[in-house]
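Novice: With the input below, show me the fold.
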Amino acid sequence: MAAAGKNVSKRKSAELDKNRAELAAARKEAPNPVWFKPVMFGFMLLGLIWIVLYYITSANLQLPVPVLGQANIFVGFGLVLVGFLMTPWWK
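Specialist: As a prediction, this is how the structure comes out:
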């Protein structure tokens, strides 16, 4: 009786693995959501604008965040980096 139960669970496990593999393949082929490209390029552009704005105003105001000072450069590069890290998933 115990052997029969093991066979059933093995069959169910194999079916579940097959279903998971099919779902994973379908997800790989699915296109990106509509918002993906604008967000990716938005991060890149926002980072670039952040850095340029800091360099333009560094003599007087040190915008965008005066308290950060030169750390504004790191914030800008961080935003650009987030955009570039999104590029491998762009389809």
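
Novice: which stretches of the chain aren't confidently modelled?
Specialist: 1-11 (pLDDT under 70).

Novice: go with 90
Specialist: For the chain, applying pLDDT under 90 flags the ranges 1-32, 58-63, 90-91.

Novice: May I see the buried residues of the strand or helix carrying residue 38?
Specialist: Taking DSSP states H and E as the definition, residue 38 sits inside helix 36-57. Residues 40, 43-44, 46-47, 50-51, 53-54 are the ones in helix 36-57 that count as buried (16 or more other C-beta atoms under 10 Å). All C-beta spots, glycine's among them, are computed from the backbone N, C-alpha and C.

Novice: Is residue 80 in contact with residue 42, as I believe?
Specialist: No: using C-beta atoms under 8 Å, residue 80 makes no contact with residue 42, being 11.1 Å away.

Novice: gap between residue 68 and residue 47?
Specialist: 14 Å (C-beta to C-beta, to the nearest Å).

Novice: my bad, residue 66
Specialist: Distance of residue 66 to residue 47, computed by C-beta to C-beta: 18 Å.

Novice: now residue 69, nearest residue through space, not along the chain?
Specialist: residue 62 (6.3 Å; C-beta to C-beta, 6 or more residues apart in numbering).

Novice: Residue 41 too?
Specialist: Residue 41 sits nearest to residue 83 (C-beta to C-beta, 6+ apart), 6.7 Å away.

Novice: Isn't the one you found up against residue 50?
Specialist: No: using C-beta under 8 Å as the test, residue 83 is too far from residue 50 to be in contact (11.9 Å).

Novice: Three-state assignment for residue 60, please.
Specialist: coil (DSSP: H, G, I helix; E, B strand; the rest coil).

Novice: Please name the residues that touch it.
Specialist: With contact set as C-beta atoms under 8 Å, 6 or more residues apart in numbering, residue 60 has no partners.

Novice: Now it: phi and psi?
Specialist: Phi and psi for residue 60, reported as degrees, to the nearest 10, are phi -110, psi -60.

Novice: For the residue nearest to residue 50 when sequence neighbours are not counted, give me its contacts.
Specialist: Nearest non-adjacent residue to residue 50, counting by C-beta to C-beta, 6+ apart: residue 76, 3.7 Å away. Counting by C-beta under 8 Å, 6+ apart, residue 76 touches 47-48, 50-51, 54.
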